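# Below are the sequence and a predicted model; questions follow.
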Amino acid sequence: MKDSKNSTAHDFWKRLDDVTAGMLKTGPEDFAPMAPHGDEEEKAIWFITAKGTAAHQAAIEGMSTHFAICDQSAKLHAVVKGKLQEVSDPKKVDELWSRVTGAWFEGGRDDPDVRLIRLTPSQAEVWLTDGGASFFYEIARANIQEEHTPDVGTHEVVNF
């Protein structure tokens, strides 16, 4: 296992910027689609949700959780383990706010139901791919040459 100072960890945070959505575990059998906002410096993944949602309730309870990412355009696949918490930080909400986020709230940024959630990762299993033609070449080669295992990128477990 690698620590959070290695290049895979840095690439994880960098590629997370391009991820538009993932699935956050909000209960024993429940998941919710969420838009992540990664912050490598703070070692945090931020989410904006509404009061009373399953994600909000999980954060209130300080739930240990998983966040799953499968994003071809970001060339990132990962399962992030960590702990949720609700955070009251209007400046952080302002920093993360977008028109897309605003579409979910009737009152926009000033909607009283806006809630900020922090996922503090402890560990992530990360797959970084090159995508594109090299992926298809490796798959084709593996199908032609039985002894060839496709090399489609980096796979590591990162501790934060």
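That came through, no problem.
# switch to C-alpha atoms for all contacts and neighbour counts from now on
Noted.
# OK, contacts around residue 62?
Neighbour list for residue 62: 83-86 [criterion: C-alpha atoms under 8 Å, 6 or more residues apart in numbering].
# where does it land in three-state SS?
coil (DSSP: H, G, I helix; E, B strand; the rest coil).
# What pLDDT is listed against it?
Residue 62 is assigned 98 on the pLDDT scale.
# buried stuff in stretch 63-71?
Judged by neighbour count (16 or more other C-alpha atoms under 10 Å), stretch 63-71 contains these buried residues: 63-71.
# Oh, that last question was meant for stretch 19-27, not what I typed.
19, 21-26.
# what mean pLDDT does that stretch have?
Here the average pLDDT along stretch 19-27 is 97.
# how long is that stretch from one end to the other?
Terminal residues of stretch 19-27 are spaced 23 Å apart (C-alpha to C-alpha, to the nearest Å).
# cool, stretch 27-46 as well?
Stretch 27-46: ends 18 Å apart by C-alpha to C-alpha.
# And for stretch 27-39?
End-to-end distance (C-alpha to C-alpha), stretch 27-39: 24 Å.
# now what about it, what contacts it?
13, 16-17, 19-26, 44-48, 54-55, 58, 96.
# so what's residue 64 closest to, chain neighbours aside?
Spatial nearest neighbour of residue 64, excluding adjacent residues (C-alpha to C-alpha, 6 or more residues apart in numbering): residue 83 at 4.3 Å.
# So that neighbour sits against residue 120, correct?
Yes. Counting by C-alpha atoms under 8 Å, residue 120 is a contact partner of residue 83 at 5.4 Å.
# tell me which element residue 122 falls in.
strand 114-129 (DSSP states H and E).
# Oops, could you answer that again for residue 79 instead?
strand 76-87.
# May I see the buried residues of that strand?
Within strand 76-87, the residues that qualify as buried are 76-86, counting by 16+ other C-alpha under 10 Å.
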